[in-house]
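Engineer: coordinates only, sequence not included:
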């Protein structure tokens, strides 16, 4: 499988997976992703080079968005923002942040999600960062268990945020020979 930065032509595929997952979650009585994700938000992360696509041959197989923390003014507020997911003492700049990992339902259970998270932890490691972090939907304990089984530790839950369950795992090298190969072409 090849992984490459997403292109604007991939946005429709990502949005179709999102709609598919929204319906699947709703059928399971889960409220996750009940807030619409605007196409423009996906296009913005794609345009910024933050979204990645996995291809199995010519077929899109998964996506993930990776961002780094940007401290615009270089200063930390002395008071903790109660809505913030990561606090100054967490050293937010020392992590890569994974979000919007999706794959089509037909690929569920084939291990690509685990592989993608391992690859993302390798990206963090290669960048000299300590952590791979993510926030998960606050009311989805099945998803929390999924991340724990993949080496993530629950840090805190910001109950006022719909996606406020904060998890992190150490960055680690992505071993050569694994399933994902970076498209360098």
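Structural biologist: Looks like it came in fine. Since we're looking at a predicted model, the values are computed, not measured.
Engineer: Near residue 148, how many residues? Count them for me, please.
Structural biologist: For residue 148, the count of nearby residues is 13 (other C-beta atoms under 10 Å). Yep, even glycine has a C-beta here, placed from its N, CA and C like the rest.
Engineer: Look up how far residue 45 lies from it.
Structural biologist: According to C-beta to C-beta, to the nearest Å, residue 148 stands 26 Å off from residue 45.
Engineer: wouldn't residue 95 be in contact with residue 127 here?
Structural biologist: No: Residue 95 lies out of contact with residue 127 (C-beta atoms under 8 Å); the separation is 9.6 Å.
Engineer: what residues do these two have in common as contacts?
Structural biologist: Common neighbours of residue 95 and residue 127, counting by C-beta atoms under 8 Å, 6 or more residues apart in numbering, are residue 68.
Engineer: So for these two, which residue has more residues nearby?
Structural biologist: residue 95 (22 against 13).
Engineer: dump the residue contacts of the more buried one.
Structural biologist: Counted by C-beta under 8 Å, 6+ apart, residue 95 has contacts 68-69, 86, 124, 129-133, 168.
Engineer: among those, which are in helices?
Structural biologist: residue 124 (DSSP state H).
Engineer: possible to save the contacts of residue 95 as JSON lines with pLDDT and distance to residue 139?
Structural biologist: Shown next, in JSON lines, are those (pLDDT from 0 to 100; distance: C-beta to C-beta, whole Å):
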{"residue": "68", "pLDDT": "88", "distance to residue 139": "28"}
{"residue": "69", "pLDDT": "77", "distance to residue 139": "25"}
{"residue": "86", "pLDDT": "90", "distance to residue 139": "20"}
{"residue": "124", "pLDDT": "96", "distance to residue 139": "27"}
{"residue": "129", "pLDDT": "95", "distance to residue 139": "29"}
{"residue": "130", "pLDDT": "97", "distance to residue 139": "29"}
{"residue": "131", "pLDDT": "97", "distance to residue 139": "24"}
{"residue": "132", "pLDDT": "97", "distance to residue 139": "23"}
{"residue": "133", "pLDDT": "96", "distance to residue 139": "20"}
{"residue": "168", "pLDDT": "98", "distance to residue 139": "20"}
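Engineer: Mind checking which of the contacts of residue 95 are buried?
Structural biologist: If you count burial by 16 or more other C-beta atoms under 10 Å, the buried members of the contacts of residue 95 come out as 86, 124, 129, 131-133, 168.
Engineer: possible to save the residues you listed as TSV with distance to residue 38?
Structural biologist: Formatted as TSV, the buried ones among the contacts of residue 95 follow (distance: C-beta to C-beta, whole Å):
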residue	distance to residue 38
86	24
124	27
129	29
131	28
132	26
133	23
168	27
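Engineer: Of those, which is the nearest to residue 184?
Structural biologist: Lowest distance from residue 184 to the buried ones among the contacts of residue 95 (C-beta to C-beta) belongs to residue 124, with 19.5 Å.
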